[in-house]
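Visitor: Here is my input, please return the structure:
(chains A and B)
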Amino acid sequence: QVQLQESGPGLLKPSETLSLSCAVSGYSINNNNYWVWTRQLPGRGLEWIGTIFHTGSTYYNPSLESRVTISVDTSRNQFSLKLSSVTAADTAVYYCVRHKQFSYGDYWGQGTLVTVSS
Amino acid sequence: QSALTQPASVSGSPGQSITISCTGTSSDVGGYNSVSWYQLHPGKAPKLVIYEVSNRPSGISSRFSGSKSGDTASLTISGLQAEDETDYYCSSFTTSSTLVFGGGTKLTVL
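Guide: Prediction:
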């Protein structure tokens, strides 16, 4: 049973860096899949943040690319998200997701709410 | 990249069928058989209900089906049930090797 669990601070101040980790259990992160961060903005729906392949290749949303870094730690079977210079517009529920193929996510974490407020 | 276009809301009575459209361009929906649909219940993780236009994951009811014509994909739910009332989102792979979501559709079961 594949399970993903997000962790990280739930409250940030503007200009800080958001750092989240996603622990994967029941499945090796080294397998031939894609690992994704997606967020749900309040009242505005889902937004893809970025994807990392197990080889380390990354793909980012062009609107966030200048602020985003996604990385994989195979020794800990987890992957991470860093989003710099956050503003209130980055307040959202952040999900880590396994994508069996690039285009679709079949296993989702429960999501973690990150609030940006001064 | 622009969000895919979905109707803000659709509704239907129990037992009826409804269809939710998802319109993009030849650079996303129309260019690839890589459209997915997700069901979002409040407070729960999104659930994949259709992948690669028309495939159902294991455990998803056969009442859910997907199709595509040109730049528009569709999700059809037949035999509507009260439990189907929630938000639905489409997504697509794009020529830029990115993913784009639709704006979401709220389904109301009357």
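Visitor: The residue positioned nearest the centre of chain A sits in which helix or strand?
Guide: Residue closest to the mean C-alpha point of chain A, counted by C-alpha atoms, centre = their mean, is residue A:37 at 2.8 Å. Here residue A:37 sits within strand A:34-41, counting by DSSP states H and E.
Visitor: how about the helix or strand following that strand, does it reach chain B?
Guide: Going down the chain from strand A:34-41, the next helix or strand is strand A:45-53, by DSSP H and E. Yes: using C-beta under 8 Å from any C-beta of the partner chain, we find that strand A:45-53 touches chain B at A:45-48, A:51. Where you see a C-beta, it was placed from the backbone N, CA and C, and this is true even at glycine.
Visitor: Please list the residues of chain B that sit near chain A.
Guide: So chain B meets chain A at B:1, B:3, B:32, B:34-36, B:38, B:40, B:45-48, B:51-52, B:57, B:89, B:91-93, B:96-104 (C-beta under 8 Å from any C-beta).
Visitor: Name the residue most distant from the centre of chain B?
Guide: Max radial position in chain B (C-alpha atoms, centre = their mean) goes to residue B:96, at 21.4 Å.
Visitor: so residue B:103 touches residue B:5, yeah?
Guide: Yes: between residue B:103 and residue B:5 there is a contact at 7.0 Å, judged by C-beta atoms under 8 Å.
Visitor: before we move on, back to that, just the ones of the residues of chain B next to chain A in strands?
Guide: Counted as lying in strands by DSSP state E, out of the residues of chain B next to chain A, are B:35-36, B:38, B:40, B:47-48, B:89, B:91-93, B:99-101.
Visitor: now, among those, which is nearest to residue B:66?
Guide: Residue B:66 lies nearest to residue B:35 out of these, by C-beta to C-beta, at 7.0 Å.
Visitor: gap between the closest residue in space to that closest one that isn't next to it in sequence and chain A?
Guide: Among residues not flanking residue B:35 along the chain, residue B:73 sits closest, at 4.2 Å (C-beta to C-beta, 6 or more residues apart in numbering or on different chains). To chain A, residue B:73 is 12 Å away according to C-beta to the nearest C-beta, to the nearest Å.
Visitor: wait, what's in contact with residue B:73?
Guide: B:21-24, B:29, B:35, B:53, B:66-67, B:90, B:92 (C-beta atoms under 8 Å, 6 or more residues apart in numbering or on different chains).
Visitor: What's the PyMOL syntax to select whichever of those residues are buried?
Guide: Command for PyMOL that selects the buried part of the contacts of residue B:73, burial taken from 16 or more other C-beta atoms under 10 Å in any protein chain shown:
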select buried, chain B and resi 21+22+23+24+29+35+53+66+90+92
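Visitor: Take the contacts of residue B:73 and write them to CSV, including pLDDT.
Guide: Formatted as CSV, the contacts of residue B:73 follow (pLDDT from 0 to 100):
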residue, pLDDT
B:21, 98
B:22, 98
B:23, 98
B:24, 97
B:29, 96
B:35, 97
B:53, 97
B:66, 98
B:67, 97
B:90, 98
B:92, 97
